[in-house]
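1. A predicted structure for the sequence below; I have some questions about it.
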Amino acid sequence: MSVAKVIELNSSSTLGIEDAVKTGLAKCAESVKDIQGAWVNDIKVVTDAAGNVQEWRVNLKVTFVVK
């Protein structure tokens, strides 16, 4: 029987949503082992006064197996 745990984290990128997700998972993987997957729970953008996207932010729920 396996036991899984879910943690929540936020990540950002100036390049886009996919880069924000990859960056967040890579940083998480430095200290969490056996990551099984992630849900993108929320997406937010930071804009300048003209409405141009300056930064993408994602809220991730990361699942990993507890040993």
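-> Received, thanks.

2. end-to-end on stretch 19-39?
-> Chord length of stretch 19-39, first to last residue, is 15 Å (CA to CA, to the nearest Å).

3. I meant stretch 42-56, not that one.
-> OK, stretch 42-56 end separation, CA to CA: 11 Å.

4. list the buried residues of that stretch.
-> By neighbour count on 16 or more other CB atoms under 10 Å, the buried set for stretch 42-56 is W56. Any C-beta I mention is one placed from the backbone N, CA and C, and that applies to glycine too.

5. residues in contact with K67?
-> Contacts for K67 were tallied using CB atoms under 8 Å, 6 or more residues apart in numbering; they are K33, D34.

6. do you know how far it is from V32?
-> K67 sits 11 Å away from V32, going by CB to CB, to the nearest Å.

7. same question for V40.
-> Counting by CB to CB - V40 and V32 are separated by 17 Å.

8. same check, this time on K44
-> Distance, K44 to V32, using CB to CB: 23 Å.

9. just the pLDDT for E30.
-> Confidence at E30, expressed as pLDDT, is 97.

10. got any ranges where this protein has weak pLDDT?
-> In the prediction, the chain carries no residues with pLDDT under 70.

11. name the element A50 belongs to?
-> Take DSSP states H and E as the rule and A50 turns out to sit in neither a helix nor a strand.

12. quick check: K44 touching A20?
-> No - K44 is beyond contact range of A20, at 9.9 Å (criterion: CB atoms under 8 Å).

13. list residues touching both of these two?
-> Common contact partners of K44 and A20 (CB under 8 Å, 6+ apart): W56, R57, V58.

14. with distance to A50 and secondary structure as added columns, please give the residues you listed in CSV.
-> Output for the shared contacts of K44 and A20, formatted as CSV (distance: CB to CB, whole Å; DSSP: H, G, I helix; E, B strand; the rest coil):
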residue, distance to A50, secondary structure
W56, 17, strand
R57, 19, strand
V58, 23, strand
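
15. need those residues in CSV with distance to A26, can you?
-> Compiled in CSV, these are given as follows (distance: CB to CB, whole Å):
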residue, distance to A26
W56, 16
R57, 16
V58, 13
